[in-house]
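J.: sequence and predicted model, in that order:
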Amino acid sequence: MRAGDVRRPDAASAPWYAGLTRRHWRILWGSYLGWIFDGYEAVALVYALRPALGSLLTPEQAQTPAFYVGAAIGITLLGWGLGGLMGGIAADYIGRKRMMMLSILGYALFTGLTAFAGSFAQLAILRFITGLAIGSEWSTGIALVAETWPNRARPKGCGFLQSGFGGGAVLAAIVWALLAAFDPLGPDSWRIMFALGALPAFVCLYLRRALEESEQWMQALREQRWAATAADAASPQPKGRRPFSLTEIFRERESRRRVLLATLMSFATTVGWWAVSSWLPAYTEGLAKAAGEPANVWGPRMGIIYNVGAITAYLISGFVADAVGRRAFLLITYAGCIVTSLACYLWTGGLVPFMGLAFLNGFFTLGFAFSWMAIYLVELFTPAVRATAASVVFNGARLIAWIFPIIAGQIVTLSGGVAAAALTMSSVYGIGLIVPWFMPETTGKPLPD
């Protein structure tokens, strides 16, 4: 080696972030900002819903509050599922950047209008429309980051992006804790939670300048590569006009199999979170009441700790998935969801150790349980249908799962307790211990193009 030469590390020894540029981080940050407000919206609904119903329900409706809690969550999920499905398809036709901006603008407008709801019917309608608007943000952001980041760094970048949901959830928990402490509008303080949801409109001013469209997606369209998976690309493909992306992912055998199996796992994740973990604030307040603690204190505390657990999982998910492989990561995830859910809802002891259980439950049920979709789904499909397939898996599960929060609310009403409903619904995580054995292992493989 001559003097002055610099030894360059080979690809195997280079750090995972080697090759990342400011452009890569700018795209991640722009997508992250949009996803923060998805997390804020989901958790703001959980915290603000009961006080909102206290203001909006008629005396007759107030006799069965758990039903209306479940109905409001279910209606939001239904809108989220439909909007996500339509938006994901649109992102494969009009582009990731444009669809993301439309999604964030629509969300900001209608979640802000929720602050002015005057009845449960108005609240439900606004929740549904908000769900329509916000549903597509995830699939467009994940596709954009995956298609622009280098293969070696991609799982970590997608995990970082997913952490935006946890960041938004923590933000919502902090805002709710402050509102509970200062109570600025009395019984109507919940309206501030939704009014603040209008702020993401300003994010679009940044996104318009900061984000660049996916070159991989544009190249696939130029070259008319319509096959949904790399496995199906070798078989004869339709000639002439581009096939409808939603039809294409179900036309091909391998793609259809992957979509259906992944949707089963997504269903387990979605039902598990909305019908099990979303009851944790109420369960925590019940434990606090039994211990003689003041109301509306331990619930927000638990929410912050729970979401710190989720953020921790988001940030390390890409590293863990690369280290143990995708299948092992999925099995660990769903086993953790079952164990921590049972531990939480069977707990009758002190509040301080319960916070440790809440951290672990957030780590698995919100952290790992959603991270696999960000990391794994993009590795299963090609650019022409990637956003469509991701949205079908992520949001299609919501179209099935939206009824389960309502069922859980009915179980709470009939059984007189949150724990019975949560323990019953947590059995859904068992799906995640079976399906991974039938899914392809993609660890270390390049993104299909």
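T.: Structure received.
J.: what about residue 87, distance to residue 133?
T.: To residue 133, residue 87 is 8 Å away according to C-beta to C-beta, to the nearest Å. For the C-beta atoms, the positions are set from N, CA and C on the backbone; glycine is no exception.
J.: can you list the buried residues in stretch 140-157?
T.: Going by neighbour count (16 or more other C-beta atoms under 10 Å), the buried part of stretch 140-157 is 140-150, 152-157.
J.: quick one, which of residue 87 and residue 133 is more surrounded?
T.: Taking residue 87 and residue 133 together and counting by other C-beta atoms under 10 Å, residue 87 has the greater number of neighbours (28 against 23).
J.: which intervals of the stretch 101-250 of the chain have sub-threshold pLDDT?
T.: Per-residue confidence for the stretch 101-250 of the chain (pLDDT under 70) gives these ranges: 232-240.
J.: what segments of it are helices?
T.: Listed in chain order, the helices found in the stretch 101-250 of the chain under DSSP state H, counting those that start in this stretch are 120-134, 137-148, 154-182, 190-195, 203-210, 215-222, 230-233, 245-251.
J.: ok, the residue most central in space within the chain - contacts?
T.: Averaging the C-alpha coordinates of the chain gives a centre point, and the residue nearest to it by C-alpha atoms, centre = their mean is residue 370 (5.8 Å). Going by C-beta atoms under 8 Å, 6 or more residues apart in numbering, residue 370 touches 162, 165, 269, 273.
J.: how far away is the second one from residue 154?
T.: I take that to be residue 165. When C-beta to C-beta is the yardstick, residue 165 and residue 154 sit 18 Å from each other.
J.: residue 51: how many residues sit nearby?
T.: Residue 51 - counted by other C-beta under 10 Å - has 19 other residues nearby.
J.: could you look up the next helix or strand downstream of the helix or strand where it lies?
T.: For residue 51, the enclosing helix or strand under DSSP states H and E is helix 22-56. Heading C-terminal from helix 22-56, the first helix or strand you meet, by DSSP H and E, is helix 65-94.
J.: could I get the buried residue list for that following helix?
T.: Of the residues in helix 65-94, those buried under the neighbour-count criterion (16+ other C-beta under 10 Å) are 65-66, 68-92.
J.: so residue 170 sits right up against residue 309, yeah?
T.: No. Judged on C-beta atoms under 8 Å, residue 170 makes no contact with residue 309 at a distance of 10.4 Å.
J.: more crowded one of the two?
T.: More neighbours sit around residue 309 than around the other of residue 170 and residue 309, counting by other C-beta under 10 Å; the figures are 25 against 22.
J.: list the buried residues in the helix or strand encompassing the more buried one.
T.: Here residue 309 sits within helix 298-324, counting by DSSP H and E. Buried positions in helix 298-324, judged by neighbour count with 16+ other C-beta under 10 Å: 298-318, 320-322.
J.: and it, average pLDDT?
T.: In this model, helix 298-324 has a mean pLDDT of 92.
J.: what's the angle from it to helix 22-56?
T.: For the pair helix 298-324 and helix 22-56, the angle between their directions (axes from the mean of the first three to the mean of the last three C-alpha atoms, to 10 degrees) equals 150 degrees.
J.: in the following helix or strand past helix 298-324, what's buried?
T.: The helix or strand immediately downstream of helix 298-324 is helix 326-345, counting by DSSP H and E. By neighbour count on 16+ other C-beta under 10 Å, the buried set for helix 326-345 is 326-327, 329-334, 336-338, 340-342, 344-345.
J.: what comes up buried for the helix holding residue 51?
T.: By neighbour count on 16+ other C-beta under 10 Å, the buried set for helix 22-56 is 24, 26-53, 55-56.
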